[in-house]
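> Mind folding the following:
(chains A and B)
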Amino acid sequence: MKRSHLKKYYLVLVALLLISCVTINIYFPAAEVEKAAKEISEEVRGLKEEKAPENSPAPPENSSLRLGPGVAYAQQELTVSNASIRQLKARLKARYPKLKPYMTKGIIGEGADGFLVLKDPQALSLRERAQVKRLLEAQNRDRAALYREVMKALGVAPRDLPRIQKIFAKEWQRTAPAGTWVEVSPGRWVRK
Amino acid sequence: MRISPRPLSKGLLFFVLLSFLFLFLALLLYLFRDTLVLWAFQKTLRDAGLNFSCKALTVKDGHFYFRGLYLGDPAFELWAEEGAIYPSFKEKGVLLFLKNFEGRYDLLFPARGLTPPKYLLALQLENGKLLLEGKPSYQVRLKRLKITGLKAFFGAFKAKEALAFIDKNPKTPKTSFLPKEKDEFFGAVKLDVKVDLARLPHWLKKDLFASKGVLKLELFLDPKDEGVSFKGRASLTDLSLDFPKLNFSLAGEGSFSGFWQREKGSFWAQGWALFEPPVSLAYRLEGRLLPEALALERLKLSLAAGPPFFASLANSLGAKIKGELLGSAEIFPQNERFQAELVLRQGGFALSEDRVGEGMDLEAKIRGGLSKDLFLKGEVLLRRGEFFWAPWYYALERPLRFSFNLLKKGRSLFVSSLKVNGPFTAEVEGLEVYPQWSWPHKAALKLKMEDFWGPLVAEPFGEEYPFLSRTKLSGSLFLRQQKRVINAYFSGRLGFGPHQFEGLRLAGAYDLSGSCKDFSLSWAEVKSPVLLLGPLELEGKTCPPKLFLEPFSWSLFRGNLESSGGAGDIGQKTFFLKETELKGLRPDLPPPWKPLSPEISGHFTRVTFAKGRLEGKGLLKVRLAGGELIIKDFFFEPGVLPRYGGDITFSGLDLTLLSKALGFGLITGRLRGKVRHLVMVGKLPASFELWLEDDPSYRGKRRISLKAVRQMAELGGGRATLLVPFAKSLRYQRLGLYCRLENDVFYLKGLIKEGGKEYLVKGPKLFGVDVINQNPGGAISFKEMVRRLKRVMEESDEKEPS
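Numbering: from 1, shown residues only, chains lettered A, B, ... in the order given. Next up, the predicted model:
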């Protein structure tokens, strides 16, 4: 009798342990964000031209036209994108050449949160400081809008927006030109 | 035998008795020596006119030590817990030491005046207070005071009598203790004063704005017949000034000299001081010092401060400031007025990274009154400077002159008038600036927009809204405010790229109290290569927070827009137009769209702007390419990435004209279809649904060129190799496709379904063309579609097929 009681107790205990050890998985599409970040940062920096996708096999030739896109290359194009993201990318790209000289001189740095930082305003005249500040703030506003659009496009919860920013920050830092200050960890800056 | 004593002589007995008496007296004298000395001392002082008493007296080595001392005469009284008097027979006077004392001295006593007792050689006081009764009276608290050389000092004054310590007998010659010939008595009296500001009474500290500090004063007095010369050194350490929002530390030292003229009581003093943080100060004081009063008549100051001073001040202010300052001031306390001049060179400030001023050269002249209601008048000339107040930057190229009158009433500070002249002119009257800001009684501002449009609008906001960088506003702006009504007048022109709006006028008023005022906005002419816009006149009323627009009409693009007017809420940022009609607008389209010749008309029951979105209830009709487009439910959301769209239905469009304009390859026939839920972001589509098909009622030729077929194939992602010799075009019977853009993905399908196949183009059985969708439901990315469209558009037009 005692043994059977003990067995029951052990079973209840195991059940309790199992219940308390439930792991909750929250899905965050890190791979998609990384891919989008890589693509966008390279395009903004002008490091890569857009490649045309590989052609699917040609349809048979006759007077009737076989028409139909291959599914394969449709899928490889499906990185996160929408009209807003495209527009924002275009704006970031158009503004980047004006910012680049200040990045290479170490005046503007890439922060760990995915935004540009004015590292050395004293090196600029007041007029230049005003111009650079406006450029930087406009660029940061567009980056903030970009992260929100990526968040919406991928269905990421708003609380995970900082994660998207961090992933983008790594890519901005990777593709930043030589001479740029990058914040490798909060408060710790290294010059490329 | 009997022995009988010999009797003592009477003389010897007398001597013994006398000796005994003497000894007895000596013993008495010894036992009561203190009392006797005290009596003698008291008598001496009484003879000198002083009353004296004490609770205990000790005499030691010729010095008198007292407990519970009282000294007094009609003009003077002193009580001390402990005291000592050291008589000096050599100097014919006494040195007085008192501890824990309290006294009073009547400055106005007729026979005494300022002349203290002549027998006082030196004075040492510890812990006490002294009341100097006069007009006004002064109470002095002393921690420690030692004054030596008093006899020489007092002796320099003509004295009619001197204390003869030993004997005061009018018949005997007086011993004069007055010096015969006085040489230089420089430093005859030296005063060392140390004042600890932290220990001052609260009421005095508050007026000084000082919470702590130590002032040391070394004063040398040289009495002369006509007055007293003085000089000295002063040092200030650890001075901490407490102004509102400013905590400042100061230390310094300097020297001074001066002269007090006895007869009139007038004096002057001048000196210099060097402070840390580095400020140099030169000053001169003039006034009168009389028994009944001290009156300052004039104070003149000059100071110079450089970058180290401002750097130190900046630490206290929590903001960076710099510059080189030269200043001078004259204060006339009796007339309660002052005047000052300041010159600042290469001045600058940095309240934060985004609020900076640099290169400021400034001159100021100020004069004012020191009365209870402060009056301040002056001029400030700002010759040059650069200012960054994010996002605005402004470089002053022409001097800016400020003329102002400030008034203090009670605790409030008013700008009774302020005038500004320079790149702009401004006037303000009746503005309260402290303790809070209020609306001025009157204000006016006048400027030229071309001087300020760039710095105020285009430059700071052009990065975010690029169209602003292409916009230029020039003309005169005049703003006037009286009580709660603001009037605005603008006259000038607006340029946007190649388009010029000439004769632009704005006139209106806004009453903050809510009553209605008129406004009008108009322009006389629009010069533009493409915009055919006529003059416009808008009139309405502002009734804060509401705005009302009168009915208006406007000629544009060879047609007309008429509206019944509208209304809005400025606070809520909402606005609507009532019945609005467009008639016969015929804009010129650029090539190759020119042949389409659109004509636009429309009717809206309401056009509303609310929550950042413009919406129209009604429809717009566009006649073009022989057919008609109807747009309804349009919307527009302005912003950095403007969004707009609507629903479009079209019919009867000539495919020949359209395909020519698109450069698509010629297709004949008529087109109909619809676009639903079109949303454009900037210049690119974000989403839509499109149905396109040929118009079955069309009875003309239906042909499609080979180029169009190839292009269609290209768009669809396939390839066409057409083995149709000697033909430039092929026949088709039906045309129909559906495409959808959603989340950057295109879905394409044919609308013609026969025999289990999906056709985009269905041709006749002989000598026609079929375009079949081999992958219904397949999708392509927007990016890929754009690539295909680019390739298609790169081919040139062909002629219409025969």
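
> Which residue ranges of the stretch 101-250 of chain B form helices?
For the stretch 101-250 of chain B, the helices defined by DSSP state H, counting those that start in this stretch cover B:150-155, B:202-208.

> again, but for the stretch 601-750 of chain B
With DSSP H, counting those that start in this stretch as the criterion, the stretch 601-750 of chain B has helices at B:655-662, B:706-716.

> any idea which of the ones you listed scores lowest on pLDDT?
Averaged per stretch, pLDDT over the helices of the stretch 601-750 of chain B is lowest on helix B:706-716, reaching a mean of 75.

> Nearest to chain A, out of the helices of the stretch 601-750 of chain B?
Shortest distance between chain A and these, using C-beta to the nearest C-beta, is found for helix B:706-716: 4.2 Å. C-beta coordinates here come from the backbone N, C-alpha and C atoms, glycine included.

> Model confidence at the residue nearest the centre of chain B, what's the number?
When C-alpha atoms, centre = their mean is applied to chain B, the residue found nearest the centroid is residue B:351 (8.4 Å). pLDDT recorded at residue B:351 is 86.

> per-residue pLDDT, the closest residue to it other than its chain neighbours?
Nearest residue to residue B:351, sequence neighbours excluded (C-beta to C-beta, 6 or more residues apart in numbering or on different chains): residue B:319, at 4.7 Å. Note on residue B:319: pLDDT of 72.

> residue contacts, residue B:319?
B:349-352 (C-beta atoms under 8 Å, 6 or more residues apart in numbering or on different chains).

> Sort out which of these are buried, if you could.
The neighbour-count criterion (16 or more other C-beta atoms under 10 Å in any protein chain shown) marks B:349-350 among these as buried.

> Using a markdown table, lay out the contacts of residue B:319 together with secondary structure.
What follows is the contacts of residue B:319, written out as a markdown table (DSSP: H, G, I helix; E, B strand; the rest coil):
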| residue | secondary structure |
| --- | --- |
| B:349 | strand |
| B:350 | strand |
| B:351 | strand |
| B:352 | strand |
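
> from the contacts of residue B:319, which is closest to chain A?
Nearest member of these to chain A, counting by C-beta to the nearest C-beta, is residue B:350, at 9.6 Å.

> That closest one touches residue B:310, doesn't it?
No. The criterion here is C-beta atoms under 8 Å, and residue B:350 misses it with residue B:310 at 11.2 Å.

> Overlap in contacts, those two.
Overlap of the contact sets of residue B:350 and residue B:310 (by C-beta under 8 Å, 6+ apart) consists of residue B:321.

> neighbours around residue B:335, how many?
By other C-beta atoms under 10 Å in any protein chain shown, 12 other residues sit near residue B:335.

> so it is in which element?
Assessed by DSSP states H and E, residue B:335 sits outside every helix and strand.

> Could you measure from it over to chain A?
Distance, residue B:335 to chain A, by C-beta to the nearest C-beta, to the nearest Å: 44 Å.

> rewinding a little: I'd like the contacts of residue B:319 written out as TSV, with distance to residue A:163 added.
What follows is the contacts of residue B:319, written out as TSV (distance: C-beta to C-beta, whole Å):
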residue	distance to residue A:163
B:349	41
B:350	36
B:351	36
B:352	31
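
> Output the strand or helix carrying residue B:347 as PDB, nothing but the C-alphas.
Element membership of residue B:347 [criterion: DSSP H and E] is strand B:337-352. The C-alpha trace of strand B:337-352 is given here as PDB (Å, rounded to 0.1, in the frame of the first residue of the first chain):
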ATOM      1  CA  ARG B 337      20.300 106.600 -10.800                       C
ATOM      2  CA  PHE B 338      23.000 104.800 -12.700                       C
ATOM      3  CA  GLN B 339      24.500 104.400 -16.100                       C
ATOM      4  CA  ALA B 340      26.600 101.700 -17.600                       C
ATOM      5  CA  GLU B 341      28.400 100.700 -20.800                       C
ATOM      6  CA  LEU B 342      29.300  97.200 -21.800                       C
ATOM      7  CA  VAL B 343      31.300  95.900 -24.800                       C
ATOM      8  CA  LEU B 344      31.400  92.200 -25.500                       C
ATOM      9  CA  ARG B 345      33.700  90.800 -28.100                       C
ATOM     10  CA  GLN B 346      33.700  87.300 -29.600                       C
ATOM     11  CA  GLY B 347      30.900  86.400 -27.200                       C
ATOM     12  CA  GLY B 348      29.200  83.100 -27.400                       C
ATOM     13  CA  PHE B 349      27.000  80.700 -25.500                       C
ATOM     14  CA  ALA B 350      26.000  77.000 -25.700                       C
ATOM     15  CA  LEU B 351      22.900  76.200 -23.700                       C
ATOM     16  CA  SER B 352      23.100  72.700 -25.300                       C
END
